[in-house]
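> can't give you the sequence, but here's the structure:
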Ligand SMILES: NC(=O)c1ccc[n+]([C@@H]2O[C@H](COP(=O)([O-])OP(=O)(O)OC[C@H]3O[C@@H](n4cnc5c(N)ncnc54)[C@H](OP(=O)(O)O)[C@@H]3O)[C@@H](O)[C@H]2O)c1
């Protein structure tokens, strides 16, 4: 039998933006279902959240890049919980020359960022639709708005999430399920991301926000009904520039900036 209370499912909740989303959702009164890779400290986080905010927080550890593990997770969630919010946050990226990347590296980005986001949404949609009001928040990136050398697959995967979210949002209009897409600029979430951002130089660092700031703005704007959220003024300026600067010029400029991450 399902639990009576409603739950918010957040993927990639052990660190970075997902962890901040979990903490802020609990502060706003949500019960939580948190997913991350095994041995990520998720159980301790759930315990801490329960003690601090008095909300129910349940951990589920699995590799979402593995299609069987994902299906098992979704089935367990659907059978046991009433879920009215889904935050598809888990995502990975990196900076490498395409030819130097291993097939496994590329495959994991594609599987986690594109396939997992699509299939979790697909498998949970009937449950979300049972509710009078439900929300899907998909975490894309500012990188969704233009190709990037040395990151190639990552911005392409985030463009997929953006397009998927916008299309699905319109398709679900009138069902009570809203779809929101968040496109954050850079933020420091772990040592690897920190080192990459620092190497990009001063201009790139200008737009860096904290995961907490992005979380607060995203959840507040999502609750107000915004469908596309670009957190931060500098990132909005960047988004406008991306639309106006011709693609070849943008590629050439960004190639110089991103290449610094390889050093
Ligand atoms: N950081 C940035 O500058 C930036 C900018 C724009 C958009 N984003 C997007 O924002 C989201 C969060 O980024 P972040 O930097 O906060 O990430 P992060 O710190 O690297 O955390 C990623 C989360 O996803 C989980 N995860 C990774 N691979 C997984 C898998 N195969 N199965 C299940 N869980 C998995 C991780 O679990 P473990 O702890 O167990 O590894 C962790 O909880 C991502 O979608 C990212 O693309 C990030």
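That came in fine, so what should we check first? Quick caveat, the model's predicted, so the values are computed rather than measured.
> can you give me phi and psi for the residue in the stretch 151-263 of the chain positioned nearest to the ligand?
Of all residues in the stretch 151-263 of the chain, the one sitting closest to the ligand is residue 189 (3.2 Å; C-beta to the nearest ligand atom). Any C-beta I mention is one placed from the backbone N, CA and C, and that applies to glycine too. Dihedral angles of residue 189 (phi, psi; degrees, to the nearest 10) stand at phi -120, psi -30.
> Test my guess that residue 50 contacts residue 59.
No - between residue 50 and residue 59 there is no contact under C-beta atoms under 8 Å: 10.8 Å.
> what about residue 86, which helix or strand?
strand 82-88 (DSSP states H and E).
> Just the buried residues of that strand, please?
Judged by neighbour count using 16 or more other C-beta atoms under 10 Å, the buried positions of strand 82-88 are 83, 84, 85, 86, 87, 88.
> what's the pLDDT at the last one?
As predicted, residue 88 sits at a pLDDT of 99.
> any idea which of the buried residues of strand 82-88 is closest to the ligand?
residue 88 (8.0 Å).
> where are the low-confidence patches of the stretch 151-263 of the chain?
203 (pLDDT under 70).
> need the residues of it near the ligand, please.
The stretch 151-263 of the chain has residues 184, 186, 187, 189, 190, 193, 211 near the ligand, with proximity defined as C-beta under 6 Å from any ligand atom.
> Dump the residues you listed into JSON lines; add secondary structure and neighbour count as well.
Listed next are those as JSON lines, based on DSSP: H, G, I helix; E, B strand; the rest coil; neighbours: other C-beta atoms under 10 Å:
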{"residue": "184", "secondary structure": "coil", "neighbour count": "25"}
{"residue": "186", "secondary structure": "coil", "neighbour count": "21"}
{"residue": "187", "secondary structure": "strand", "neighbour count": "22"}
{"residue": "189", "secondary structure": "coil", "neighbour count": "20"}
{"residue": "190", "secondary structure": "coil", "neighbour count": "9"}
{"residue": "193", "secondary structure": "helix", "neighbour count": "15"}
{"residue": "211", "secondary structure": "helix", "neighbour count": "20"}
